[in-house]
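Undergrad: below: sequence and its predicted model.
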Amino acid sequence: MEFEIRNDLYPREKYLEKIRGFYHECEVIKVLTGVRRCGKSSIMNLIIQELLSGGVNRENILYFNLDKKPFDTVVSSEKLDEIIEKNKVASGKNYLFIDEIQNVKGFEKVINAWREEGNFSIFITGSNSYLLSGELVTKLTGRYIEFNILPLSFDEYLNVKKFFGKQVSDDSTELRNYIYEGGFPYVLKLNSMNDKRRYVQNLIDEIYEKDVKKRLKIRHRSVFESIMKYIVNNFGATTSIQNIVDDFAKNGVNIKRETVNRYIEALESAKIIMSCSRFDMKSRKSLAGEKKFYLSDLSFYYALNTDNRINYGPALENIVYTYALGLDYSISVGRIGKLECDFILRDNEMNYSYIQVAYTILESRETEDREYRSLENITWDNYPRYLLTMDNLIQKRNGIIHCNIAEFIKENRKF
């Protein structure tokens with residue numbers, strides 16, 4: 001079947017590397033999730049290009065984008081089954097790619113049935129985690145693997161600018177640009193900040209209409225938007241549902257805890273925000289209730305606000321958080337008594353790292369001591385401890401690894 005092979009796509013190797021080992025695997029379904037417009041379709045296209053260059057015949061590849069013509073009318077499981085049946089090849093392996101599969105009601109049964117055929121390597125995308133709720137989880141437990149795709153990290157942002165022939169300045173300038181512009185790939189093609197902001201504002205509206213409104217009964221959109229703006233404006237800050245209820249009550253707005261919880265879950269499902277739980281490092285127990293929320297892309301903050309100032313503390317935390325998430329680290333916020341360690345990272349081999357993030361430690365000795373203190377209190381193991389700042393003057397202190405954030409991420413280093 002015919003599909004467009006694009007040559008204007010930056011190869012996002014950090015994701016292709018994760019998926020590549022499953023290209024020819026028919027037993028598990030490859031599920032690409034992520035916020036709208038983060039690049040899932042592009043990664044699918046890149047996978048197809050690699051398959052073709054690796055010798056797979058074009059007729060063995062089936063690609064359906066259910067958001068675009070002629071497949072935007074495919075909304076029933078019967079219709080989906082019909083187009084797969086019509087386009088499959090009888091001999092050899094079929095490589096089935098379906099974009100925005102959540103548009104089809106009851107797609108789970110269809111996908112599982114074709115997986116059972118044994119000669120289908122299946123890739124599907126969806127814009128939100130509703131894709132992995134309900135029947136897909138119960139019917140396909142152990143039969144799928146999820147790849148969470150994020151907007152561009154800072155290192156990818158720099159590489160994509162070069163890929164598009166854009167001028168790249170010094171690290172500090174580019175990090176500031178990255179904070180303002182965010183990491184949606186299409187944004188980098190736009191030249192004016194006004195156009196970039198308008199694009200993200202329209203994206204927020206699209207997410208609401210397609211990923212929230214269709215799946216959640218929202219009586220008052222203004223209340224939902226107020227909660228969204230509250231969470232977005234307080235990204236990187238410790239908060240709880242009760243705190244949100246109380247803050248709204250102070251302003252004369254009474255909202256039930258259940259409503260706040262539902263709306264936060266909707267924002268997480270739409271991949272606008274991501275929660276990070278707190279962990280008591282002495283008792284080795286998770287702390288219930290309080291969490292930090294980070295943005296899948298910093299441009300959401302500026303799209304919802306007229307304030308153009310940068311609060312570097314939470315912005316840099318957010319950059320480190322999404323970078324570490326893109327490298328598949330499990331992340332929590334650490335508490336040590338009254339002190340807090342910004343992030344505890346754990347990799348797939350159960351190795352840990354401890355991360356403290358700050359704009360600078362050069363303001364005063366008091367500032368330096370404050371940022372080192374929590375890391376210096378971690379004495380129960382020998383896992384690496386990192387202090388990440390924007391300082392160019394790097395120091396050594398008590399075995400703690402001090403690094404420049406922009407340089408660390410630009411070099412695609414691991415913790």
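TA: Nice, I can see it. Numbering: from 1, shown residues only.
Undergrad: and the strands in the chain, which stretches?
TA: Using DSSP state E, the strands found in the chain span residues 29-33, 61-65, 94-99, 120-126, 144-148, 238-239, 273-280, 285-295, 330-336, 339-346, 352-357, 385-389, 396-397, 400-404.
Undergrad: Lys18: which of these is closest?
TA: The closest of those to Lys18 is strand 144-148. By C-beta to C-beta, the value is 5.9 Å. Just so you know, the C-beta spots here come from the backbone N, C-alpha and C atoms, and that holds for glycine as well.
Undergrad: in the closest one, what's buried?
TA: 144, 147-148 (16 or more other C-beta atoms under 10 Å).
Undergrad: give me the contacts around that strand.
TA: The contact list for strand 144-148, computed with C-beta atoms under 8 Å, 6 or more residues apart in numbering, reads 15, 18-19, 22, 28-34, 132, 136, 325.
Undergrad: just how off-centre is it within its chain?
TA: Strand 144-148 sits 13 Å away from the centroid of its parent chain (C-alpha atoms, centre = their mean, to the nearest Å).
Undergrad: average pLDDT for that strand, rounded please.
TA: On average, the pLDDT along strand 144-148 is 92.
Undergrad: below-threshold pLDDT in the stretch 301-415 of the chain: ranges please.
TA: Within the stretch 301-415 of the chain, not a single segment meets pLDDT under 70.
Undergrad: please enumerate the helices of it.
TA: 312-326, 365-376, 405-410 (DSSP state H, counting those that start in this stretch).
Undergrad: may I see these arranged in CSV, with distance to Phe163 and mean neighbour count as well?
TA: Listed next are the helices of the stretch 301-415 of the chain as CSV, based on distance: least, C-beta to C-beta, whole Å; neighbours: other C-beta atoms under 10 Å:
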stretch, distance to Phe163, mean neighbour count
helix 312-326, 18, 22
helix 365-376, 35, 16
helix 405-410, 15, 20
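Undergrad: so can I have TSV of the ones you listed showing distance to Ala303?
TA: What follows is those, written out as TSV (distance: least, C-beta to C-beta, whole Å):
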stretch	distance to Ala303
helix 312-326	15
helix 365-376	31
helix 405-410	23
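Undergrad: quick one: closest of those helices to Lys162.
TA: helix 405-410 (11.7 Å).
Undergrad: and the contacts of that closest one?
TA: 153-155, 158, 171-172, 174-175, 316, 319-320, 323, 357, 388-390.
Undergrad: hmm, 10 Å instead?
TA: 153-159, 170-176, 178, 316, 319-320, 322-324, 326, 357-359, 386, 388-392, 394, 401, 403-404, 413-415 (C-beta atoms under 10 Å, 6 or more residues apart in numbering).
Undergrad: which of those are buried?
TA: For the contacts of helix 405-410, buried by 16+ other C-beta under 10 Å: 153-159, 171, 174-176, 178, 316, 319-320, 322-324, 326, 357-359, 386, 388-391, 401, 403-404, 415.
Undergrad: hmm, back to that, do you know which of the strands of the chain lies nearest Asn87?
TA: So among the strands of the chain, strand 61-65 is nearest, using C-beta to C-beta, at 5.0 Å.
Undergrad: in its sheet, what does the closest one sit against?
TA: strand 94-99 (parallel) (DSSP bridges).
Undergrad: just want the angle from the strand it pairs with to strand 29-33.
TA: Strand 94-99 runs at 20 degrees relative to strand 29-33, counting by axes from the mean of the first three to the mean of the last three C-alpha atoms, to 10 degrees.
Undergrad: strand 94-99: how far from the chain's middle?
TA: That offset, for strand 94-99, works out to 23 Å (C-alpha atoms, centre = their mean).
Undergrad: CA atoms only: put that strand into PDB for me.
TA: Provided in PDB are the C-alpha atoms of strand 94-99 (Å, rounded to 0.1, in the frame of the first residue of the first chain):
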ATOM      1  CA  ASN A  94       3.300  -8.200   7.900                       C
ATOM      2  CA  TYR A  95       4.500  -5.000   9.600                       C
ATOM      3  CA  LEU A  96       1.300  -3.200  10.800                       C
ATOM      4  CA  PHE A  97       1.500   0.400  11.800                       C
ATOM      5  CA  ILE A  98      -1.600   2.200  13.100                       C
ATOM      6  CA  ASP A  99      -1.500   5.800  14.200                       C
END
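Undergrad: tell me the angle of that strand relative to strand 120-126?
TA: Using the same axes, to 10 degrees: strand 94-99 against strand 120-126 is 10 degrees.
Undergrad: quick check: mean pLDDT across strand 94-99?
TA: Computed over strand 94-99, the average pLDDT equals 97.
Undergrad: what's the answer for stretch 267-280, then?
TA: Stretch 267-280 comes out at a mean pLDDT of 89.
Undergrad: could you list the buried residues of that stretch?
TA: 267-274, 276, 278-279.
Undergrad: farthest pair in those?
TA: Checking the buried residues of stretch 267-280 with C-beta to C-beta, the most distant pair is Ala270 and Phe279, at 25.8 Å.
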